[in-house]
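1. What follows is a predicted structure for the sequence shown.
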Amino acid sequence: MFQASQAPVHFQKYPGQSIQDSPEELERNSLLIYRIRKIASEDAAKEPEDRIDCIEIKPEPWPEHLRALDGLKPKHLRVEAGIQESVDVFELDKINTKFELESLSISSVAFDLYRPVPIPTSITNPSSEPSPTVPTIRKPQYEHRFPEFFTHVKSLTLHYCCGIRFDGINLPAHLRQLKIIGNNAMDMFISAVDNLPNVGEHLENVFIYTNPNLDMSLAFWLPDFRERLGRCKGLKELTLIIADDYEARTANYKAPVEPGGVNLSDPFDVGLSGSLPNNIERLEFHCSNSEPMVADLDLWIEAAKDPEWLPRLKYIHISTYDVETDNLRLRMGKPMTPVDTERDKKISEKIWRVYEVLKSRDPAVEVGR
């Protein structure tokens, strides 16, 4: 692996800052650029199987550092933002040897993975003249442009990013795997399904980890997530982890029901059994330990009895995720959730009823423990 980053003990220049570079800093970066170019040059002379296949970019490389990567042909790129939750990798579009990535992992980026670019406008009726008393005001129009290397990505991981809307140009055209961990996970999944080309047919593997306290904040609702999940007809593997301390989250909820009858205190893990694409072969579902989930498992039992429900399923694992929510509460200085042993027993019994039905299929479905 090759890593392009500033050493943490040195001054770091972030985009938008104007800081006079010291002679020592300029000399250090000149040496760094020379070494990066030397590595790239030596790597270009190697056999394909011996070449550097992964680059990791940490906060915050200078544009010259990224341009010095010219000559490398990595298959995997990892990008990590710093304290400002942004990283500028558009300098990679200027290099001669274009990256044709198989996988891209992005950490801690908020909103600005793209750049706004003006949309050319034309006058459709040149003969029309503006009113002499009312001036004509033309507002510039923009569209989002993602880095060019984004286009080739087949596997995309968003790790504690937020607010990324997949609308614009240079979007992945053949995305096979999407992994979203943390903030706005369901929101960003919805945006991906709405905007990425042919994602419903191409996407084969989805991993979503969501904390409901940090999700569904971009004008989407839970039914939107379920509907978009159902659109992914090519999906073969789904891991859905919902770390929801439901009782604590809803204990003091007093906000009114939103227009359309969607209540923001709704559990995030119910109603999913009827939204799963039929091509799924491997399913892992980590749900809350809540009363609504106890009731919802009856729908899973009935669905499992239907031979047309997930007919290609080979493996299933269902579990509650109390350990993660308790760890989260401890980090926030809150008391641990009391264990409801009777409810735990009900959930375990119903999960095993789902398992027993699926194990009776021919061929039998493998179940988790």
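-> It's in.

2. Before we go further, residue 164 is sitting in a strand, right?
-> No. The assignment for residue 164, made by DSSP: H, G, I helix; E, B strand; the rest coil, is coil rather than a strand.

3. Could you look up the SS state of residue 293?
-> Going by three-state DSSP: residue 293 is helix.

4. Make 276 the first number, not 1, from now on.
-> In the new count, where the first residue is 276, that last one comes out as residue 568.

5. Now do residue 323 against residue 525, distance only.
-> 55 Å (Cβ to Cβ, to the nearest Å). C-beta: built from backbone N, CA, C; applies to glycine.

6. same deal with residue 306?
-> 57 Å.

7. Pick out whichever of those two has more residues nearby.
-> More crowded of residue 306 and residue 525, by other Cβ atoms under 10 Å: residue 525, with 17 against 10.

8. From residue 430, how far off is residue 380?
-> 8 Å.

9. Now do the phi/psi pair for the closest residue in space to residue 568 that isn't next to it in sequence.
-> Computed as Cβ to Cβ, 6 or more residues apart in numbering, the closest residue to residue 568 that is not its neighbour in sequence is residue 562, at 5.2 Å. Phi and psi for residue 562, reported as degrees, to the nearest 10, are phi -110, psi 180.

10. One more: residue 393?
-> phi -70, psi 140.

11. any idea how far residue 423 is from it?
-> Taking Cβ to Cβ, one finds residue 393 at 18 Å from residue 423.

12. my guess is the residue nearest to residue 568 meets residue 517, correct?
-> Yes. Under the criterion of Cβ atoms under 8 Å, residue 562 makes contact with residue 517 at 5.8 Å.

13. the more surrounded of residue 393 and residue 423?
-> The neighbour count for residue 393 versus residue 423, taken as other Cβ under 10 Å, is higher for residue 423 (15 against 9).

14. For that one, give me its contacts.
-> Contacts for residue 423 (Cβ atoms under 8 Å, 6 or more residues apart in numbering) come out as 367, 368, 373, 445.

15. can you rerun that using 6 Å?
-> 368, 445 (Cβ atoms under 6 Å, 6 or more residues apart in numbering).

16. Read off the pLDDT value for residue 495.
-> Looking at residue 495, its pLDDT reads 80.

17. what's the spacing between it and residue 463?
-> 10 Å.

18. any residues in contact with both of residue 562 and residue 517?
-> With Cβ under 6 Å, 6+ apart as the test, residue 562 and residue 517 both reach residue 544.

19. Identify the neighbouring strands of the helix or strand containing residue 514 in the sheet and state each direction.
-> Using DSSP states H and E, residue 514 falls within strand 512-517. With DSSP bridges as the test, strand 512-517 is paired with strand 480-485 (parallel), strand 557-562 (parallel).

20. Columns mean neighbour count and distance to residue 298 on top of these, output as CSV?
-> Converted to CSV, those look like this (neighbours: other Cβ atoms under 10 Å; distance: least, Cβ to Cβ, whole Å):
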stretch, mean neighbour count, distance to residue 298
strand 480-485, 20, 47
strand 557-562, 20, 54
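
21. Same list (those strands) but as a markdown table, adding mean pLDDT.
-> Listed next are the strands paired with strand 512-517 as a markdown table, based on pLDDT from 0 to 100:
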| stretch | mean pLDDT |
| --- | --- |
| strand 480-485 | 95 |
| strand 557-562 | 95 |
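
22. closest one to residue 510 among those?
-> Evaluated with Cβ to Cβ, these place strand 480-485 nearest to residue 510, the distance being 6.1 Å.

23. For the closest one, list the C-alpha coordinates in CSV.
-> What follows is strand 480-485, C-alpha atoms only, in CSV (Å, rounded to 0.1, in the frame of the first residue of the first chain):
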residue,chain,number,x,y,z
ASN,A,480,-24.1,-6.6,-2.4
VAL,A,481,-25.4,-4.0,0.1
PHE,A,482,-24.2,-3.4,3.7
ILE,A,483,-26.0,-0.7,5.8
TYR,A,484,-25.3,0.1,9.4
THR,A,485,-27.5,2.9,10.7
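
24. Just checking the distance from that strand to the centre of its chain.
-> With Cα atoms, centre = their mean, to the nearest Å as the basis, strand 480-485 stands 8 Å off its chain's centre.

25. contact partners of it?
-> 452-456, 460-461, 512-517.

26. Buried among the residues you listed? Make that a PyMOL selection.
-> Applying 16 or more other Cβ atoms under 10 Å to the contacts of strand 480-485 leaves a buried subset, and the PyMOL line that selects it is:
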select buried, resi 452+453+454+455+456+460+461+513+514+515+516+517
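
27. CSV please, covering the contacts of strand 480-485 and showing pLDDT and distance to residue 629.
-> Converted to CSV, the contacts of strand 480-485 look like this (pLDDT from 0 to 100; distance: Cβ to Cβ, whole Å):
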residue, pLDDT, distance to residue 629
452, 98, 26
453, 97, 26
454, 97, 25
455, 95, 26
456, 93, 26
460, 92, 24
461, 92, 23
512, 98, 18
513, 97, 15
514, 95, 17
515, 95, 15
516, 92, 18
517, 90, 17
